[in-house]
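Peer 1: sequence? don't have it. structure:
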């Protein structure tokens, strides 16, 4: 018995240590949850106190350092923010979010070049982090280079297809351009990914006003649609080097393929959807969008030019909710009519909302929609492959 007693004592002691450790981790997590809630309510100092306490209880948990950095960032203490985030990098506990916040802090400190380098480094290490492409694109917007910004936003869409902000930024640029078609698609995808926000309301209005502004009933027998530029002319600069000419030719050909979807497939299908209409309002747009979806399928475009948004719209239609969905998408552009419709169709609206909450658009690397995706598919078909 004297031999077994120490073993029993040691065993009990080990259990007590494990129990204590578990308790410390649980306490730490509780403090973190409370700290995040305080931070969300703007109580940054109180949040930092709890995060420091939690960090002492569980020093190996990197989320405490990240949340501390976030609180310091919101306080405007950017040097302290960067110091904390560099600790995560040094410990090899960094994520894409770490590089995004570090770049933001550097930008706030008036160091845009270092911020840009940080975002670029983050993209190399975490190519699927959507926020890095967003921030990198915003840096280009600050230089008023919309094309360069779009390149990053659309790369972000391709790399992180369920991250909404890149769609939002791309949609805003295109809806203020001569190629609204891409903004119409990106904007509606964004609304499906980020529901119920101020940005969602903003895009709803922009989509509605774009329909209203770009569809013109010139007379009782004619209508004009302008959602994309007409540009099939390819120009080469004789002053460029041969390598530069080849790059320019490739770029223009790829853009031309994208235009063939915008000018040909999208616009012509929309024109056919307008037959019999005399004006643009919520009621007519519901009919137009419903006809557009049917015609897009009938013409075989869903196979030639698959668009994840149109696939989702078909799912909505099959569930019997397309009318309510169309009113939701465009309702902020005509709020009075939208309110009247929901009041008059209360059951239909409630049924849609219930279904909508349980059925979200799902975008993967396989079905992501970007201009580049349309262009690549067109290039493959044109090459005969």
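Peer 2: Nice, I can see it. This is a predicted model, so every value here is computed, not measured.
Peer 1: is residue 322 in contact with residue 290, as I believe?
Peer 2: Yes. Between residue 322 and residue 290 there is a contact under Cβ atoms under 8 Å: 5.9 Å. C-beta coordinates here come from the backbone N, C-alpha and C atoms, glycine included.
Peer 1: per-residue pLDDT, residue 59?
Peer 2: On pLDDT, residue 59 comes in at 88.
Peer 1: tell me the contacts of residue 170?
Peer 2: 150, 153-154, 157, 182-183, 186 (Cβ atoms under 8 Å, 6 or more residues apart in numbering).
Peer 1: A strand includes it, no?
Peer 2: No. Residue 170: not assigned to a strand; according to DSSP: H, G, I helix; E, B strand; the rest coil it is helix.
Peer 1: quick one: it from residue 161, how far?
Peer 2: 12 Å (Cβ to Cβ, to the nearest Å).
Peer 1: now swap in residue 144 and tell me
Peer 2: Residue 144 is 28 Å from residue 161, by Cβ to Cβ.
Peer 1: between the two, which is the more surrounded one?
Peer 2: Just comparing residue 144 and residue 161: by other Cβ atoms under 10 Å the higher neighbour count belongs to residue 161, 25 against 8.
Peer 1: residues in contact with that one?
Peer 2: Here residue 161 is in contact with 363-365, 368 (Cβ under 8 Å, 6+ apart).
Peer 1: most neighbours among these, which one?
Peer 2: residue 363 (22 neighbours).
Peer 1: test my guess that that residue contacts residue 308.
Peer 2: Yes. Contact criterion Cβ under 8 Å: residue 363 and residue 308 qualify, at 5.5 Å.
Peer 1: what's the helix or strand for residue 34?
Peer 2: helix 4-40 (DSSP states H and E).
Peer 1: could you point out which element follows that helix?
Peer 2: Per DSSP H and E, the helix or strand that comes after helix 4-40 is helix 44-57.
Peer 1: which strands and helices sit next to that following helix?
Peer 2: If you count contacts as 3 or more Cβ pairs under 8 Å, 6 or more residues apart in numbering; DSSP states H and E, helix 44-57 packs onto helix 4-40, helix 62-74.
Peer 1: distance between it and the chain's centre?
Peer 2: Relative to its chain's centre, helix 44-57 lies at 32 Å (Cα atoms, centre = their mean, to the nearest Å).
Peer 1: same deal with stretch 102-119?
Peer 2: Here the centre of stretch 102-119 is set off from its chain's centre by 22 Å, with Cα atoms, centre = their mean.
Peer 1: mind listing what's buried along that stretch?
Peer 2: 102-107, 111, 114-116, 118-119 (16 or more other Cβ atoms under 10 Å).
Peer 1: what residues does it touch?
Peer 2: 73, 76, 78-79, 81-82, 85-86, 99-100, 122, 132, 135-136, 139, 142.
Peer 1: 6 Å - rerun?
Peer 2: 73, 78, 81-82, 85, 99, 132, 135-136, 139 (Cβ atoms under 6 Å, 6 or more residues apart in numbering).
Peer 1: and it, average pLDDT?
Peer 2: Rounded mean pLDDT across stretch 102-119 is 97.
Peer 1: ends of it, what's the gap?
Peer 2: 8 Å (Cα to Cα, to the nearest Å).
Peer 1: any idea which residue sits dead centre in this structure?
Peer 2: Centroid-nearest residue in the chain, with Cα atoms, centre = their mean: residue 164, separated by 1.9 Å.
Peer 1: so who does that residue touch?
Peer 2: 190, 193-194.
Peer 1: from the residues you listed, which ones fall inside helices?
Peer 2: 190, 193 (DSSP state H).
Peer 1: please render the contacts of residue 164 as a markdown table that adds neighbour count and pLDDT to the earlier fields.
Peer 2: Shown next, in a markdown table, are those (neighbours: other Cβ atoms under 10 Å; pLDDT from 0 to 100):
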| residue | neighbour count | pLDDT |
| --- | --- | --- |
| 190 | 26 | 98 |
| 193 | 18 | 98 |
| 194 | 16 | 98 |
